[in-house]
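Asker: sequence first, then the predicted structure, then my questions.
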Amino acid sequence: MPKAIVVNMAGTQVGEMELSEAVFGIEPNQTVVHEVVKNHLANCRQGTQSALTRAEVSGGGIKPWRQKGTGHARQGSTRAPQWTHGGIVFAPKPRDYSYVLNKKVKRLALKSVLSAKVAEGQMVVIDSIKMDAIKTADFRKFLTAVGVDGKAMVVTPAVDQTIVKSARNIPGVVTTPASILSVYDILNAKYLVVDKDALAKIEEVYA
């Protein structure tokens, strides 16, 4: 069964805890993780590209010259695609790129990335993450004290605006409640900083 050292916000070890084998001790499934990340990126696409077809371009209602006898090729409109200011052939239109993945797939991917963080020693468990005031400098000192020196994802039991606002100006640091963990954000972060109570919630939901 995997174990984690528990430290306080000053970086001092205050205990040790056993982690759920079902959540933090599985063999990571890279294929499933790739599918979930691809799904996340597809769902983030805006798909708002748009251009006008010849039917939508204004003007061009009159035939530019008579059908025969001018020496020119016959033309019916100055908004045909071969004309300057004409419409676009097969013009791109707004599109929804999102699609739905099976819940079991997303759950397995989340367990895989959590297990990988534990196996690589990149998950830091804090006995309690508390901020008395909104102070970015204090939050940065806390991260330094617990050995976090790069991109980090801070997981709290619930949304705490003091923590959110203290961390939001630190480049590469994101905060999230335990109930809405993102596989993409966990992968994007070098360290996973988890409140002990949030860890219990994660195990309760995903075990």
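Answerer: Sure thing, it's come through.
Asker: residues contacting Pro157?
Answerer: 177-178, 195, 197-198, 201 (Cβ atoms under 8 Å, 6 or more residues apart in numbering). For every residue, glycine as well, the C-beta is placed using N, CA and C.
Asker: actually Val23, not the one I typed
Answerer: With Cβ under 8 Å, 6+ apart, Val23 has these contacts: 111, 114-115, 202-203, 206-207.
Asker: out of those, which is most surrounded?
Answerer: Using other Cβ atoms under 10 Å as the neighbour test, the contacts of Val23 are led by Leu114, with 27 neighbours.
Asker: so which strand or helix has that one?
Answerer: Element membership of Leu114 [criterion: DSSP states H and E] is helix 103-119.
Asker: now the helix or strand following that helix: average pLDDT?
Answerer: The first helix or strand that comes after helix 103-119 along the chain, using DSSP H and E, is strand 123-126. Confidence for strand 123-126, expressed as mean pLDDT, is 94.
Asker: do you know how far Val146 is from Met131?
Answerer: To Met131, Val146 is 14 Å away according to Cβ to Cβ, to the nearest Å.
Asker: those two: who's more crowded?
Answerer: Taking neighbours as other Cβ under 10 Å, Val146 and Met131 compare with Val146 leading, 21 against 18.
Asker: now the contacts of Val23 as JSON lines including pLDDT and distance to Val23?
Answerer: Below are the contacts of Val23 laid out as JSON lines (pLDDT from 0 to 100; distance: Cβ to Cβ, whole Å):
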{"residue": "Lys111", "pLDDT": "95", "distance to Val23": "6"}
{"residue": "Leu114", "pLDDT": "95", "distance to Val23": "6"}
{"residue": "Ser115", "pLDDT": "94", "distance to Val23": "8"}
{"residue": "Ile202", "pLDDT": "92", "distance to Val23": "7"}
{"residue": "Glu203", "pLDDT": "90", "distance to Val23": "5"}
{"residue": "Tyr206", "pLDDT": "85", "distance to Val23": "5"}
{"residue": "Ala207", "pLDDT": "77", "distance to Val23": "5"}
